[in-house]
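Colleague: quick check, what structure comes out for this input:
(one chain, ligands or ions: 1)
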Amino acid sequence: MNYSGCVMDGLLHNNAKRPLISFEFFPPKTAKGEERFWEALEGLAPYRPDFISVTYGAGGGDRENTGRLVCQVQEKLGLPAMAHLTCIGEDQAVLERMLDHYRDNGITHILALRGDRSDRMAPDALEKGAFQSARQLTAFIRRRHPDFRIGVAAYPEVHPEAASPEADLAYFQDKIRVGADFAITQFFYENAALYRFTAANRSAGVTVPIIPGIMPITDFKQIKRFADLCGAVLPDWLVTRLAEAREDVEAMQRIGIQVAVEQCRDLLRQGVPGLHFFTLNRSDVTSAILDGLGLKPG
Ligand SMILES: Cc1cc2nc3c(=O)[nH]c(=O)nc-3n(C[C@H](O)[C@H](O)[C@H](O)COP(=O)(O)OP(=O)(O)OC[C@H]3O[C@@H](n4cnc5c(N)ncnc54)[C@H](O)[C@@H]3O)c2cc1C
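Modeller: Predicted structure coming up:
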């Protein structure tokens, strides 16, 4: 099955009926995890996502799993799939092999990323890889596979490694200039950050769709850890609201879903091109949010 062009068609022809919806999954490490992966996908498939994306463990840890699962999602579920690809520490030959594998299996959407250093990597992994940034990887993919649809990451609240917000913005625009077709953002809870980021890009002539990444909260400690890692802000109003749940897991989930529904409603009212959900490989929370938005299956 080849879905060439469909994500962008969805974006370009996105009519008032429905926003673009996409779901992000990570490649599980165990057989039990893989069972849950497919169960979650089957739970979310009736919402007719415009695409499913599968992450890639920077440094190649999950390389084979990502390569296999992306193709299986598209083949088995008949849903367009997008492969994440990171370049940190990777040889050019490995990246070429992955890209050709996707082309040969009808996968035409790639999220081009640098990735982060991890404990599993050599300290000089970034320098040793063929490319040191997502900008270089994007330019490389665009040259090698002119027909691919390439997405890149965007940071409405600024990437923690950025020298300044202005430098981050200029660099993001560079990623678009060298060949990215669309962007998916890091998660955030202050929508104003996305509106400012989008407006700054529009006034600089950047027209590509910028799709907000939505991270539902089900566990405060987990979200705090994620936010600390990626520089996302947990605003006081959110921390106060989550504190109402105390140690009650169900209450936390209920509040997390309400917060996400309110966030998505506001984003849709402001005309974002779509919503990309970080599902953490579960269907219950994302489906509750979609139901809350009136985007029920069928
Ligand atoms: C939607 C989404 C999906 C993701 N999926 C994955 C995944 O599957 N696997 C994974 O490992 N990680 C993933 N990540 C995390 C991502 O790899 C990290 O955020 C990483 O720190 C940066 O990757 P990047 O592609 O944004 O890097 P880059 O765009 O290369 O750079 C990150 C930041 O560094 C600065 N920078 C870099 N080069 C320059 C330059 N030349 N000049 C000025 N500033 C520069 C900029 O501030 C830039 O925003 C994802 C992130 C998002 C938002």
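Colleague: and the helices in the chain?
Modeller: Listed in chain order, the helices of the chain (DSSP state H) span 6-12, 31-44, 63-77, 92-104, 125-128, 134-144, 165-177, 191-203, 220-230, 236-243, 249-269, 284-292.
Colleague: which one of those lies nearest to residue 21?
Modeller: helix 284-292 (7.2 Å; C-beta to C-beta). All C-beta atoms are positioned from the backbone trio N, CA, C, and that covers glycine.
Colleague: which other residues reach the closest one?
Modeller: Applying C-beta atoms under 8 Å, 6 or more residues apart in numbering, the contact partners of helix 284-292 are 21, 23, 43-44, 47, 214, 216, 218, 253, 256-258, 260-261, 264, 277, 279, 296.
Colleague: now do 10 Å
Modeller: The contact list for helix 284-292, computed with C-beta atoms under 10 Å, 6 or more residues apart in numbering, reads 21, 23-24, 40, 43-44, 46-47, 49, 214, 216-218, 253-254, 256-265, 275, 277-280, 295-297.
Colleague: again with stretch 229-249
Modeller: Residues outside stretch 229-249 that contact it (C-beta under 10 Å, 6+ apart): 116, 153, 155-162, 185-190, 193, 213, 215, 217-220, 223-224, 226-228, 251-256, 258-259, 263.
Colleague: any of the residues you listed buried? List them.
Modeller: Among those, the ones that count as buried by 16 or more other C-beta atoms under 10 Å are 153, 155-159, 162, 185-190, 193, 213, 215, 217-218, 220, 223, 226-227, 252-253, 255-256, 259, 263.
Colleague: keep only those of these that are also close to the ligand.
Modeller: The subset of the buried ones among the contacts of stretch 229-249 within reach of the ligand, by C-beta under 6 Å from any ligand atom, is 153, 155, 159, 162, 186, 213.
Colleague: out of those, who's nearest residue 80?
Modeller: residue 213 (17.9 Å).
Colleague: you'd agree that closest one is up against residue 276?
Modeller: Yes - Residue 213 lies in contact with residue 276 (C-beta atoms under 10 Å); the separation is 5.0 Å.
Colleague: shared neighbours of these two, anything?
Modeller: By the contact definition C-beta under 10 Å, 6+ apart, residue 213 and residue 276 are jointly contacted by 22, 24, 184, 185, 187.
Colleague: now, those residues that are in strands?
Modeller: Counted as lying in strands by DSSP state E, out of these, are 22, 24, 184, 185, 187.
Colleague: turn those into a markdown table, columns for pLDDT.
Modeller: Converted to a markdown table, these look like this (pLDDT from 0 to 100):
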| residue | pLDDT |
| --- | --- |
| 22 | 98 |
| 24 | 98 |
| 184 | 98 |
| 185 | 98 |
| 187 | 98 |
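Colleague: any idea which of the residues you listed is the one closest to residue 270?
Modeller: The closest of those to residue 270 turns out to be residue 185 (C-beta to C-beta; 13.7 Å).
Colleague: mind checking how far that closest one is from residue 195?
Modeller: Distance from residue 185 to residue 195, counting by C-beta to C-beta, to the nearest Å: 12 Å.
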